[in-house]
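J.: A predicted structure for the sequence below; I have some questions about it.
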Amino acid sequence: MSTAIRFSAVKKRFGDFEALKGIDLEVREGEFFALLGPNGAGKTTLISVLGGLTRPDSGSASVMGCDVQADYRAARRQVGIVPQELTFDPFFTVRETLVFQSGYFGLRRNDAWIDELLENLGLADKANANMRALSGGMKRRVMVAQALVHKPPVIVLDEPTAGVDVALRQTLWAFVQRLNDEGHTIVLTTHYLEEAETLCNRIAMLKQGELVALDDKVALMQSHSTRLLSLRLLPDALPAALQPLLVSERDGAYLLRLDDCKQLEPMLACVREAGVSLRDIEIVQPDLESVFLDVMGRKAG
Ligand SMILES: Nc1ncnc2c1ncn2[C@@H]1O[C@H](COP(=O)(O)OP(=O)(O)OP(=O)(O)O)[C@@H](O)[C@H]1O
């Protein structure tokens with residue numbers, strides 16, 4: 001498979017702050033790739049480098065073989081980026097916005113594809129509505145359509161479902177999945193890890209400007225295949241002796257690492273000795289969220 005995106009030793013500083021500390025990363029053509037990381041990890045900065053909006057201090061980036069700086073215009077045609085922030089011209093209708101964006105790429109007769117985008121993103125009945133009259137979720141749909149007007153082979157979605165209702169999520173993912181099936185390369189950043197787990201085949205995790213994990217989803221999940229012990233306690237307080245094993249708290253339950261079933265008895269003894277009662281106990285398989293928390297926790301410091 002050939003390379004869709006390549007970052008080579010990309011570094012970026014903002015004043016004294018090192019936002020990207022030398023990123024090497026390759027996304028192959030046709031992949032559905034997740035770029036994950038906590039707030040401030042550098043995901044948007046990396047995407048801005050790819051879109052030619054942020055100039056790296058050193059290193060390089062390319063899309064479908066086009067260098068994003070030396071060959072800016074060609075690179076720009078190869079990629080559609082759905083930005084995290086909503087930016088729009090309040091004086092245009094939805095259709096005008098898309099026609100204008102098509103013109104930016106020199107596409108004069110793009111109506112058939114614009115209609116398809118409107119239809120697939122649930123915007124058909126809003127085509128003639130003014131941008132400023134749309135709800136936030138509808139504006140986000142237009143941002144997605146705008147990024148796709150030139151049918152780019154590489155599509156990057158930066159938290160496309162933040163603050164978006166279930167209906168749009170389903171519409172959006174069905175459409176993006178279809179584009180991926182048709183051969184488009186997709187890169188997704190999201191804080192909804194179950195979306196990444198369902199959709200993506202390969203995953204990179206960024207932390208404080210560094211790549212801390214990069215693997216196929218299945219391999220990544222297997223390499224962190226430690227089971228978890230889910231405990232609900234009364235009173236709801238985890239005994240201090242168990243704190244080092246805590247991976248996360250979810251829906252009122254404590255999720256603890258359970259490397260070996262032999263640990264179970266001593267863990268329960270800790271609960272008893274602390275005078276705490278068990279409300280519920282369950283052994284659970286790790287999901288991407290617990291793998292993510294594990295990776296982020298272990299790489300700390
Ligand atoms: N123009 C800028 N000037 C100064 N600092 C910046 C600038 N852009 C980004 N940063 C800083 O760089 C770091 C990385 O930001 P970035 O937006 O890339 O993170 P992110 O992983 O996308 O986070 P989030 O999940 O919150 O979107 C942050 O600490 C941010 O404050």
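T.: Received it, and whenever you're ready, just let me know what you need.
J.: Val187: what's it in contact with?
T.: Ile5, Val27, Phe33, Ala34, Leu35, Ile47, Val154, Ile155, Val156, Leu157 (CB atoms under 8 Å, 6 or more residues apart in numbering). All C-beta spots, glycine's among them, are computed from the backbone N, C-alpha and C.
J.: For Val166, state which of those residues is nearest.
T.: Leu157 (17.2 Å; CB to CB).
J.: re the thing from before, among the contacts of Val187, which are located in strands?
T.: If you go by DSSP state E, the contacts of Val187 have Ile5, Val27, Phe33, Ala34, Leu35, Val154, Ile155, Val156, Leu157 in strands.
J.: how about the contacts of Val187 in a markdown table, adding pLDDT, distance to Pro239 and neighbour count?
T.: Shown next, in a markdown table, are the contacts of Val187 (pLDDT from 0 to 100; distance: CB to CB, whole Å; neighbours: other CB atoms under 10 Å):
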| residue | pLDDT | distance to Pro239 | neighbour count |
| --- | --- | --- | --- |
| Ile5 | 98 | 47 | 24 |
| Val27 | 98 | 44 | 23 |
| Phe33 | 97 | 41 | 27 |
| Ala34 | 97 | 35 | 24 |
| Leu35 | 97 | 37 | 27 |
| Ile47 | 96 | 43 | 23 |
| Val154 | 97 | 50 | 21 |
| Ile155 | 97 | 48 | 23 |
| Val156 | 97 | 45 | 26 |
| Leu157 | 95 | 42 | 23 |
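J.: Return the member of those residues nearest to the ligand.
T.: Using CB to the nearest ligand atom, Ile47 comes nearest to the ligand of the contacts of Val187, at 7.6 Å.
J.: near the ligand, which residues of the stretch 51-200 of the chain?
T.: Taking CB under 6 Å from any ligand atom as the criterion, the stretch 51-200 of the chain approaches the ligand at residues Gln84.
J.: So, low pLDDT: which residues of the stretch 201-301 of the chain?
T.: Residues of the stretch 201-301 of the chain meeting the criterion pLDDT under 70: 225, 298-301.
J.: Name the SS class of the closest residue to the ligand within it, please.
T.: Minimum separation of the stretch 201-301 of the chain from the ligand (CB to the nearest ligand atom) falls at Leu206, amounting to 6.4 Å. When classified by DSSP: H, G, I helix; E, B strand; the rest coil, Leu206 comes out as strand.
J.: show me the contacts for it.
T.: For Leu206, the contacting residues are Ile23, Leu35, Leu36, Gly37, Ala41, Gly42, Lys43, Leu46, Val212, by CB under 8 Å, 6+ apart.
J.: Looks like the fourth one contacts Lys43 (just checking).
T.: Yes - at 5.3 Å, Gly37 counts as touching Lys43 under the criterion of CB atoms under 8 Å.
J.: joint contacts of the two?
T.: Listed as contacting both Gly37 and Lys43 by CB under 8 Å, 6+ apart are Thr189, Leu206.
J.: just to revisit the earlier point, do you know how far the residue of the stretch 201-301 of the chain closest to the ligand is from Asn39?
T.: 11 Å (CB to CB, to the nearest Å).
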